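Asker: how does the following fold in three dimensions:
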Amino acid sequence: MGSEVKVFRVFGELRKPNLKTPFVKEVRALKEEHAVEQVFCELGSTHKAKRFHIKILKVEEIPPEEARNPVVRKLSGV
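Answerer: Residues are numbered from 1 along each chain as shown. Prediction:
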């Protein structure tokens, strides 16, 4: 099987009433779509935000060495 886990950096905004907060999340996923789904799940559970409150602006694949999140770096073997 040629499935390799990649590291993605997801940029977006959390828009709730009276609040507009930009965010950058780094996640490990197989595809870009899976990374976006992971961000929706994390932000929804942490901030009790519905999907329509979360706006994804940009998703980019990065090498594991560039990850700022120590958990992502450790899981990637860096």
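Asker: name every strand pairing with the helix or strand harbouring E26 and say which way it goes.
Answerer: Per DSSP states H and E, E26 falls inside strand 19-29. Strand 19-29 has these partner strands in its sheet, going by DSSP bridges: strand 6-16 (antiparallel).
Asker: so what touches the strand it pairs with?
Answerer: Applying C-beta atoms under 8 Å, 6 or more residues apart in numbering, the external contacts of strand 6-16 come out as 20-30, 32, 35-36, 39, 43, 47, 49, 53-64, 66-67, 72, 76. C-beta coordinates here come from the backbone N, C-alpha and C atoms, glycine included.
Asker: same question, stretch 40-51
Answerer: When contacts are defined by C-beta under 8 Å, 6+ apart, stretch 40-51 is touched by residues 14, 16, 23, 25, 27, 54.
Asker: tell me how far it is from the chain's mean position?
Answerer: Here the centre of stretch 40-51 is set off from its chain's centre by 12 Å, with C-alpha atoms, centre = their mean, to the nearest Å.
Asker: in it, which residues are buried?
Answerer: 40, 43, 49 (16 or more other C-beta atoms under 10 Å).
Asker: related to what we said a few turns ago, I'd like the next helix or strand past the strand holding E26.
Answerer: Following strand 19-29 in sequence, per DSSP H and E, is helix 32-47.
Asker: same question for that following helix, mean pLDDT?
Answerer: Across helix 32-47, the average pLDDT comes to 95.
Asker: can you give me the buried ones in the next helix or strand after that helix?
Answerer: Counting by DSSP H and E, the next helix or strand C-terminal to helix 32-47 is strand 54-62. Using 16+ other C-beta under 10 Å as the test for burial, strand 54-62 gives 54, 59.
Asker: circling back to that earlier point, run through who's touching the strand holding E26.
Answerer: Applying C-beta under 8 Å, 6+ apart, the contact partners of strand 19-29 are 5-14, 35, 37-39, 42-43, 62, 67-69, 72, 75-76.
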